[in-house]
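Asks: need coordinates for the below:
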Amino acid sequence: MLKNPKKLTFSIAFVLFSFPSSGANVKATDSEHSRAENARRESAVLWREPTDIHTRNLFYGQGGEKDQPRGPFTFVEEDLSGTNPKYIIRDRQNVKWTVKLGMEAKPETVASRLVWAAGYFTNEDYFISDLHVEQMPTRLKRGRKLVGPGGSMHNARLKRHVEDQKKIENWKWKHDPLTGSRELNGLRVMMALINNWDLKDDNNAIYGGKKSPGQVYMVSDLGSSFGSTGLAFPFRHSKGCLKSYTHSKFIAKVRAADVDFRVPSRPSLVYILKVPSFIRRIRMEDLGKHIPRGDARWIGQILSGLSTEQIHDAFRAGGYTPEQAEAFTKTVQYRIAELNSL
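Replies: Coordinates of the predicted model:
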């Protein structure tokens, strides 16, 4: 039996009235979160209407001929982010560039041009088939076999470091104030059109700066494009592979209200041994599903403004042969026609 029940009752009451209720905390937190999301949505810039799409130069891309890299180039440092060998260099105009070597160099250059043509933001990418960089160190942590004597490299993608542009953070496909918007759905369709299956949130970036129109949203890594619809075996078929791209399916299912695309598809079973990565990629499949038909048709109508020559130029910019560029172009045009028929 309690010796002093009145004292205990007083103590409990004191505790209850000394702190705000959990409901009040939740409401306050929800309100703050809502305000933060609204502020982020208002400042976010994901897409701008490409009113000049008919005249956009897809050979040079958004940077144009004026911004293309000009040697001589000098080594600055090694970039160890991501999975591909990358190096930061400086050109004769003191502009910094990130060099990416390997199988992503060609498809990423092309993808940056088509995504930009549709009105989305991308990096300023250029492809150089033969690159020479001075003062390259003899010992590199990655890509040693891809760098020849005197700093010679082949099939390199160069990404321009834009002055006053800084990465703020990553954004998420499924949990962002823009999720569900027509513009973001259009971007999902673009990823399916170019078979970009590596849709990790880590590959999305928000950039800002004094000259920026706002918080600029972009897919900052487009290298896993123009190959298979997912992580394939053998790996060389998954990126920049003409046969894999032209033989892959684009649309999986059409319903009255929405449409499913094949990209991203689940990875080949051979990768199941990497359980966490395998599960994470299976969850990405939703990004290509249940996209409103109207939103898919909307981006298709925009892309229909591109001429055969413009699309062909995008693949030429990526270092593909005229025959390869023609085959890629036909597939892209066929997919644009499929979107417009939804």
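Asks: so where is this protein shaky, pLDDT-wise?
Replies: Along the chain, segments meeting pLDDT under 70 span 1-39.
Asks: now name the helix or strand holding the residue nearest to Lys211 when sequence neighbours are not counted.
Replies: Computed as Cβ to Cβ, 6 or more residues apart in numbering, the closest residue to Lys211 that is not its neighbour in sequence is Asp164, at 5.5 Å. For the C-beta atoms, the positions are set from N, CA and C on the backbone; glycine is no exception. Under DSSP states H and E, no helix or strand contains Asp164.
Asks: ok, Asp164 - how many residues close by?
Replies: When neighbours are counted by other Cβ atoms under 10 Å, Asp164 registers 9.
Asks: next up, the contacts around it.
Replies: Counting by Cβ atoms under 8 Å, 6 or more residues apart in numbering, Asp164 touches 209-212.
Asks: tell me which of those is nearest to Asp258?
Replies: Each of the contacts of Asp164 was scored against Asp258 by Cβ to Cβ, and Ser212 proved nearest at 33.3 Å.
Asks: tell me the spacing between the closest one and Asp164.
Replies: Look at Ser212 and Asp164: by Cβ to Cβ, to the nearest Å, they are 8 Å apart.
Asks: repeat that for Thr329.
Replies: Counting by Cβ to Cβ, the gap from Thr329 to Asp164 is 36 Å.
Asks: next up, the contacts around the spatially most central residue of the chain.
Replies: The centroid of the chain falls nearest to Val219 when counting by Cα atoms, centre = their mean (2.4 Å). Contacts for Val219 (Cβ under 8 Å, 6+ apart) come out as 115, 120, 122, 187, 191, 196, 199, 203-204.
Asks: is it bridged to anything, and to what?
Replies: Per DSSP bridges, the residues bridged to Val219 are Asn204.
Asks: against Gly318, how distant is Tyr245?
Replies: Using Cβ to Cβ, Tyr245 is found at 12 Å from Gly318.
Asks: those two - which one has more neighbours?
Replies: With neighbours defined as other Cβ under 10 Å, Tyr245 and Gly318 compare such that Gly318 has more, 28 against 22.
Asks: how about the more buried one, what does it touch?
Replies: Residues counted as contacts of Gly318 (Cβ under 8 Å, 6+ apart) are 106-110, 127.
Asks: which pair in the residues you listed spans the largest distance?
Replies: The largest separation in the contacts of Gly318, counting by Cβ to Cβ, is between Pro107 and Phe127 at 10.1 Å.
Asks: who's more crowded, those two?
Replies: Pro107 (27 against 21).
Asks: skipping adjacent residues, who's closest to that one in space?
Replies: Gly240 is the one closest to Pro107 (Cβ to Cβ, 6+ apart), at 3.9 Å.
Asks: again, but for Arg280
Replies: Lys200 (7.6 Å).
Asks: then Gly151?
Replies: Spatial nearest neighbour of Gly151, excluding adjacent residues (Cβ to Cβ, 6+ apart): Met136 at 3.5 Å.
Asks: how near is the one you found to Ala325?
Replies: For Met136 relative to Ala325 (Cβ to Cβ), the value is 31 Å.
Asks: how about Ile88?
Replies: Taking Cβ to Cβ, one finds Ile88 at 30 Å from Ala325.
Asks: the two: who's more crowded?
Replies: Ala325 (21 against 15).
Asks: can you select the buried ones among the contacts of Val219 for me in ChimeraX?
Replies: In ChimeraX, a selection of the buried entries from the contacts of Val219 looks like this (16 or more other Cβ atoms under 10 Å):
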select :115,120,122,187,191,196,199,203,204
